[in-house]
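>>> My questions concern the predicted model and sequence given below.
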Amino acid sequence: MFVLEGEIHSWHIPGTPHTRRWATLAMTFEEIRNYTKIDYWDSLKQSGNQRPLVKPHVKKLKTAYREGKMVPASISLSLTPEQRDRLRVSGNRFSLELSEEDRVPLTDGQHRTHALNELMAELLAGRDRLPEVDQENLQTSIEQILSMAFPVTLHIDGDTVTDFLALQEGRAVDKAQMTSMKASRLEPGSKGYIAMQIATLLDNAKEGPFTGTIRFGGQENAILPVSTLCAASSSDLATSLIGTAAIMQKYPKVQPKHINEIASWIYRSIQVGKPEIINSGKILTPPVAKGTKGAATMFVGVLNCVLFRFCVQGHFGRKFGPEEETHLLASLKSLDANVDGSFSSALKREYLALFAGEYFKPMEESHNLQMHEGIPLTLLEILPPSTFGISPIPGQTRGRGRPRKIVHTLEHSTQTQLPLEPEPKSEPEPIVKPAKSAARPKESVSSLEEEKPKKTPAKKKK
């Protein structure tokens, strides 16, 4: 049994309802080993808080310990709800009984403590081969390490996930884990929350393009960060699950399971009817076939177009007919191209617009849909024109003629959570330019930019 006790301090800004209580303590390394725990983030269970161990960082810390350059910075601990209920408070003092079966979560400092554990393990590795005198000296060294005192900040209020996110701001933490953890704090029904539900279903599908490939944080074998699939910038929405969630909010009958069904149907249709377009090195090579991140988002773009078409047609609740499969495969011809590595966002949007123009063309007459450069206006009310690389809708301007932005962030409109960070823009890689579709105007993304007037060279004064 171990008693954690100390003086309570608090932060409070006048005029606000928020108060945070905390305590500064000193704990030996042995006490930290015995009475704290590290809960790694599990996106499926929505539990835990810590990021995976970064071994190169541990190696650097071990060197710093050996060379006497280690700064005794404070480690951070939090309390579980059950521990907070058991906390005894008297005036400005607190006490909490702990045991090795009931440990407090460590929210910051796992690399520092792990580095010391490895140093001790290295010292003990050859213990049995040492003479008795050297074994006694070794035991003294181990006891000195165990008695090392660490400054500790105990966060009495708050919760482990929120505290971890706050403590990691500005640090190089796996963006996939940060994305997953931030989404877990959003309200059900918000775009970020729905996007994470879809990603989980796609990853757990029995046979699909994303099965077992999405990394939510901690899975070493998963190659596709969930943050890549959840880009929140307006120009990326058509190829993002945030865009998928936006379409679902427009058509509330659609459920995350329907998205998984559509993705599997698209994948099976291509495997049977046009397998060459998902071969290695193609624009649509899926993650399960070691495709690129850009190819994965292009598949999401196709998924979003099919989702919108099915929403308009009311396909949910019945099987997808063979005519739908034939039309999909015919439209996918525009995406049968090779790609070396990743490709630029502009080209990605151009390819998607070519596919969308072919795929949505029959709906102009069959469903009386108004179009703008081959894309249904109804869809452009959900996803902005920029995400397809097309010009703004006439009249949809704000201020000095600038296009009005349709912004989708990860947070619910009533939330104060930070939106997920957009994926960094990749540099253009060599790629075969797509052929222009007859259904679309001949201007490319670059041709939509205004040409700058040529400057006439000034005449030199004599």
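Received it, and whenever you're ready, just let me know what you need. Numbers count the residues shown, from 1 in each chain.
>>> Tell me where the model's unsure across the stretch 101-250 of the chain.
Applying pLDDT under 70 to the stretch 101-250 of the chain flags the ranges 133, 165, 167-174, 177, 181, 218-221.
>>> Quick check: V58 vs A115, distance?
Distance, V58 to A115, by Cβ to Cβ, to the nearest Å: 5 Å. Glycine gets a C-beta too; all of them are placed from N, C-alpha and C.
>>> Also D236?
According to Cβ to Cβ, D236 stands 39 Å off from A115.
>>> what about these two, which has more around it?
A side-by-side neighbour count of D236 and A115, using other Cβ atoms under 10 Å, places D236 first with 26 against 21.
>>> Surely that one and A346 touch.
No - assessed by Cβ atoms under 8 Å, D236 is found out of contact with A346, at 11.7 Å.
>>> CA-only coordinates of stretch 4-24 in CSV, if you can.
Output of stretch 4-24 as CSV, limited to C-alpha atoms (Å, rounded to 0.1, in the frame of the first residue of the first chain):
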residue,chain,number,x,y,z
LEU,A,4,0.0,9.7,-2.4
GLU,A,5,-0.4,13.0,-0.5
GLY,A,6,0.4,16.6,-0.8
GLU,A,7,-0.8,20.2,-1.0
ILE,A,8,-3.5,21.2,-3.5
HIS,A,9,-3.1,24.2,-5.7
SER,A,10,-5.6,25.6,-8.2
TRP,A,11,-5.9,27.7,-11.4
HIS,A,12,-8.9,29.9,-11.8
ILE,A,13,-9.5,32.9,-14.1
PRO,A,14,-12.1,35.3,-12.6
GLY,A,15,-15.3,35.4,-14.6
THR,A,16,-14.9,31.9,-15.9
PRO,A,17,-16.5,28.7,-14.4
HIS,A,18,-13.3,26.6,-14.9
THR,A,19,-11.0,25.6,-12.0
ARG,A,20,-8.2,23.1,-12.3
ARG,A,21,-6.7,21.6,-9.2
TRP,A,22,-3.2,20.2,-9.2
ALA,A,23,-0.4,19.2,-6.8
THR,A,24,3.4,19.1,-7.0
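>>> Which element, helix or strand, includes the most centrally placed residue in the chain?
In the chain, the residue lying closest to the centroid (Cα atoms, centre = their mean) is S227, at 2.4 Å. Using DSSP states H and E, S227 sits in helix 226-229.
>>> which parts of that helix are buried?
V226, S227, T228, L229 (16 or more other Cβ atoms under 10 Å).
>>> Go through this protein and flag its longest helix.
With secondary structure taken from DSSP state H, the chain has its longest helix at helix 293-313.
>>> Report all helices and strands that it contacts.
Packing contacts for helix 293-313, counted by 3 or more Cβ pairs under 8 Å, 6 or more residues apart in numbering; DSSP states H and E, involve strand 224-225, helix 226-229, helix 241-250, helix 256-273, helix 345-360, helix 377-380.
>>> Any idea how far the helix or strand just after that helix is from the middle of the chain?
Remark: after helix 293-313, the chain's next helix or strand is helix 322-331, criterion DSSP H and E. Chain-centre distance of helix 322-331: 32 Å, with Cα atoms, centre = their mean, to the nearest Å.
>>> Contacts for helix 322-331 next, please.
Helix 322-331 is contacted from outside by I266, S269, I270, G273, K274, V306, H315, F355, E358, Y359, P362, using Cβ atoms under 8 Å, 6 or more residues apart in numbering.
>>> And these, which is closest to A199?
I266 (16.3 Å; Cβ to Cβ).
>>> Can you verify my assumption that that closest one contacts L303?
Yes - the criterion here is Cβ under 8 Å, and I266 meets it with L303 at 6.4 Å.
>>> Excluding chain neighbours, what is closest to L124?
Computed as Cβ to Cβ, 6 or more residues apart in numbering, the closest residue to L124 that is not its neighbour in sequence is I142, at 7.1 Å.
>>> So what's the residue count around Q313?
By other Cβ under 10 Å, the residues close to Q313 number 12.
>>> tell me the contacts of it?
H367.
>>> from the chain's centre, how far out does stretch 110-117 sit?
From the chain centre to the centre of stretch 110-117 is a distance of 27 Å (Cα atoms, centre = their mean).
>>> in that stretch, what's buried?
Buried residues in stretch 110-117, counting neighbours by 16+ other Cβ under 10 Å, are found at Q110, H111, R112, T113, H114, A115, L116.
>>> quick one: the first one and I38 touch, right?
Put plainly, it is Q110. Yes - counting by Cβ under 8 Å, Q110 does reach I38; the two are 5.1 Å apart.
>>> Need the residues touching each of these two.
Q50.
>>> Parallel or antiparallel, list what pairs with the longest strand seen in the chain.
For the chain, the strand reaching the highest residue count under DSSP state E is reported as strand 19-28. Sheet pairing for strand 19-28, assigned by DSSP bridges, gives strand 9-12 (antiparallel), strand 149-155 (antiparallel).
>>> What count of nearby residues applies to T326?
Counted with other Cβ under 10 Å, T326 comes out at 12.
>>> cool, the one 5 residues further on as well?
The tally of other residues near S331 (other Cβ under 10 Å) stands at 23.
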